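Asker: sequence plus the predicted model coming up.
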Amino acid sequence: MKIIIHDLDESYNEKLKAVCDRVVCADGKYAPCQGCFNCWTKHPATCSMSDSLHEMCRIVGQADDLVIITDNTYGGYSSNVKNLLDRSIGASTPFSTYRGWQMHHTLRYGRKGNFKVIVYGDIADNEKKTWELMIERNRLNHGYTSTELRFTDSIDKLEVSEI
Amino acid sequence: MKTLFIDCSPKKKLSASGFLVDMTSLFVLGSKKKMKLRTRAEHEEILKELEDTDTVVFTMPLYVDGVPSHIIPFLKTMEAWCKEHKPDLKVYVIANNGFIEGRQNEPLMQNMENFCIRSGIKWCGGLGIGGGVMMNVMRIMIVVVFAIAVLNLVITGMNTGNFLDKNIVIGFLKDLAEVLFFGCGIITFDIWLAACINRKKEYGKHYTRIMLPSFIFILGADFFFIVLSILKGGVFRGWLSKKKPTLP
């Protein structure tokens, strides 16, 4: 299953649906993660907060291939996308293991395919370097086997087929 | 001018970031203020505080390899404020993560450095701590152990007349020594960072951790989550199952 998460206008949903199985619009209409770990320890794979991200970890966990389209924020995700990722840690389990010679949580939904991030906006060279590190760390954390990173100053310059 | 500590944990109390603020501020001289950053309602108040601040210390947990999402809108607001007011600010960061390797905080440190570059303020470096959850549990437990030891001393004293029972005191000192040993890296690097704040010097980026081999730490973390999941009931609710979304 291929899933696209984006922080663009909702009008992009239809366009993106043509190239994936599910589109998630990170619209920011949800609360930030409270760090309670209840999605591991109390009601697994379910967030304590009953908003649109209540079961987001199950959706993210099911993605074999994940594409994230995000505005650049200091070499990291926009707050709307980051919020969604923070609230998705239930896609892993509370148990720990080694991946890439470092400690990580074991994966509830197993290993995955390709992890692609498309970053748009004004991106400085130092931020591009941070992005390279960021997606490699994310790949390890989420258990993806490969990554793709693409920068563009405007998302409208990309053809849907390139996503 | 003063040092402003911004505790960026989303938790109301007993957070690791809050503890790091308290510990670091012990070693920082001069005027200082501690503030919490949990919601947008606090943005304005913090910006007001920045007007007579020359050093800002952000303490925060690592969330999914970066800064927690609720911090990002504040950083954007502060960037705009800095561009308008052009303050002479120095920024330090103390980050902690639940994994044992402090180095896993590196992307967060780069995010914060990039924020400083965009805002035109001085990035002075940061400390990345591994084993933040364990550090936080240890500092809470040592207070509980201390309280039990005092209670024990009082009860023993009332029964025997000896209010300084050697065994109880030595038992507590052993527990305290263990905590200090596991946390010696964190304490040392934190004091070093505070010394840099006092001298207004760059700290660079440094990483430390709880002083335990990672394979023992992992076993301990697994045990911690098993106990917590039994107490909260998660083990009986499809603890490790591949749950599907219930909504289309």
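Answerer: Thanks, I have it.
Asker: going forward, measure contacts between C-alpha atoms and count neighbours the same way
Answerer: Noted.
Asker: could I get the average pLDDT for the helix of greatest length in chain B?
Answerer: Using DSSP state H to define each element, chain B has its longest helix at helix B:132-160. Here helix B:132-160 scores 97 as its mean pLDDT.
Asker: equivalent analysis for stretch B:1-17, please.
Answerer: Per-residue pLDDT values over stretch B:1-17 give a mean of 96.
Asker: can you list the residues that contact it?
Answerer: In this structure, residues lying in contact with stretch B:1-17 by Cα atoms under 8 Å, 6 or more residues apart in numbering or on different chains are A:33-35, B:18, B:21, B:25, B:30-38, B:49-50, B:52-61, B:70-71, B:95-96, B:132-133, B:135-136.
Asker: so what's the residue lying farthest from the centre of chain A closest to, chain neighbours aside?
Answerer: Centroid-distance maximum for chain A: A:Lys42 at 23.4 Å, with Cα atoms, centre = their mean. Among residues not flanking A:Lys42 along the chain, B:Gly234 sits closest, at 4.0 Å (Cα to Cα, 6 or more residues apart in numbering or on different chains).
Asker: how about the contacts made by the one you found?
Answerer: Per Cα under 8 Å, 6+ apart, neighbours of B:Gly234: A:40-44.
Asker: switch the cut-off to 7 Å
Answerer: With contact set as Cα atoms under 7 Å, 6 or more residues apart in numbering or on different chains, B:Gly234 has these partners: A:41-44.
Asker: same question, B:Leu127
Answerer: Going by Cα under 7 Å, 6+ apart, B:Leu127 touches B:93-95, B:205-207.
Asker: kindly recompute the last result at 6 Å.
Answerer: B:94, B:205-207 (Cα atoms under 6 Å, 6 or more residues apart in numbering or on different chains).
Asker: next: B:Gly157.
Answerer: B:Phe163.
Asker: what of A:Cys33?
Answerer: A:Cys33 sits next to A:Arg87 when contact means Cα under 6 Å, 6+ apart.
Asker: contacts for the lengthiest helix in chain A, please.
Answerer: Determined from DSSP H, the single longest helix within chain A is helix A:125-142. With Cα under 6 Å, 6+ apart as the test, helix A:125-142 has contacts from A:74-75, B:107.
Asker: contact residues of chain B facing chain A?
Answerer: Residues of chain B found near chain A (Cα under 6 Å from any Cα of the partner chain) are B:10, B:69-70, B:72, B:107, B:111, B:114-115, B:222, B:229, B:232-234, B:239, B:242, B:244-245.
Asker: any idea how far A:Asp65 is from B:Pro213?
Answerer: 35 Å (Cα to Cα, to the nearest Å).
Asker: more neighbours, those two?
Answerer: Taking other Cα atoms under 10 Å in any protein chain shown, A:Asp65 and B:Pro213 do not tie; A:Asp65 has more neighbours (20 against 9).
Asker: quick one: that one from chain B, how far?
Answerer: 17 Å (Cα to the nearest Cα, to the nearest Å).
Asker: give me the phi and psi for that residue.
Answerer: phi -120, psi 130 (degrees, to the nearest 10).
Asker: give me the beta-bridge partners of it?
Answerer: For A:Asp65, the beta-bridge partners are A:Lys2 (DSSP bridges).
Asker: for the nearest residue to A:Arg99 once chain neighbours are set aside, grab the count of nearby residues.
Answerer: Nearest non-adjacent residue to A:Arg99, counting by Cα to Cα, 6+ apart: A:Leu140, 6.6 Å away. By other Cα under 10 Å, 18 other residues sit near A:Leu140.
Asker: state the pLDDT value of A:Leu140.
Answerer: 96.
Asker: could you dump the contacts of B:Leu127 to CSV with secondary structure?
Answerer: Formatted as CSV, the contacts of B:Leu127 follow (DSSP: H, G, I helix; E, B strand; the rest coil):
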residue, secondary structure
B:Ile94, strand
B:Lys205, strand
B:His206, strand
B:Tyr207, strand
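Asker: next SSE downstream of the longest helix of chain B?
Answerer: helix B:166-182 (DSSP states H and E).
Asker: now that next one: how far from the chain's centre is it?
Answerer: The chain centre lies 23 Å from the centre of helix B:166-182; the measure is Cα atoms, centre = their mean, to the nearest Å.
Asker: start and end of stretch A:34-47, how far apart?
Answerer: One end of stretch A:34-47 sits 10 Å from the other (Cα to Cα).
Asker: list the buried residues for it?
Answerer: Buried residues in stretch A:34-47, counted by 16 or more other Cα atoms under 10 Å in any protein chain shown: A:34-35, A:37-47.
Asker: could you do stretch B:240-248 as well?
Answerer: Using 16+ other Cα under 10 Å as the test for burial, stretch B:240-248 gives B:240, B:242-243, B:245.
Asker: and the helices in the chain?
Answerer: All of this refers to chain A. Using DSSP H, helices in chain A cover A:12-17, A:38-41, A:56-62, A:79-86, A:125-142.
Asker: let me rephrase: I mean chain B.
Answerer: Per DSSP H, chain B carries helices over the ranges B:16-27, B:43-50, B:72-85, B:106-119, B:132-160, B:166-182, B:184-199, B:214-232.
Asker: ok, residues contacting the fourth one?
Answerer: Read that as helix B:106-119. Everything outside helix B:106-119 that qualifies as a contact, by Cα under 6 Å, 6+ apart, is A:74-75, A:134, B:66-67, B:79, B:82, B:123.
Asker: these: which two are farthest apart?
Answerer: Across the contacts of helix B:106-119, the longest distance by Cα to Cα is 26.0 Å; it joins A:Met134 and B:Cys82.
Asker: what is the burial count for the spatially closest residue to B:Ile142 that is not a sequence neighbour?
Answerer: Leaving aside its sequence neighbours, B:Ile142 sits nearest to B:Leu176 (Cα to Cα, 6+ apart; 6.9 Å). A total of 17 residues lie near B:Leu176 under the criterion other Cα under 10 Å.
Asker: again, but for B:Ser31
Answerer: By other Cα under 10 Å, the residues close to B:Ser31 number 10.
Asker: distance of it from B:Pro73?
Answerer: Remark: distance between B:Ser31 and B:Pro73 (Cα to Cα) = 27 Å.
Asker: B:Met1 versus the closest residue to A:Asp122 other than its chain neighbours, what's the distance?
Answerer: In space, and not counting its chain neighbours, A:Asp122 is closest to A:Asp153: 6.0 Å by Cα to Cα, 6+ apart. Here A:Asp153 is placed at a distance of 40 Å from B:Met1 (Cα to Cα).
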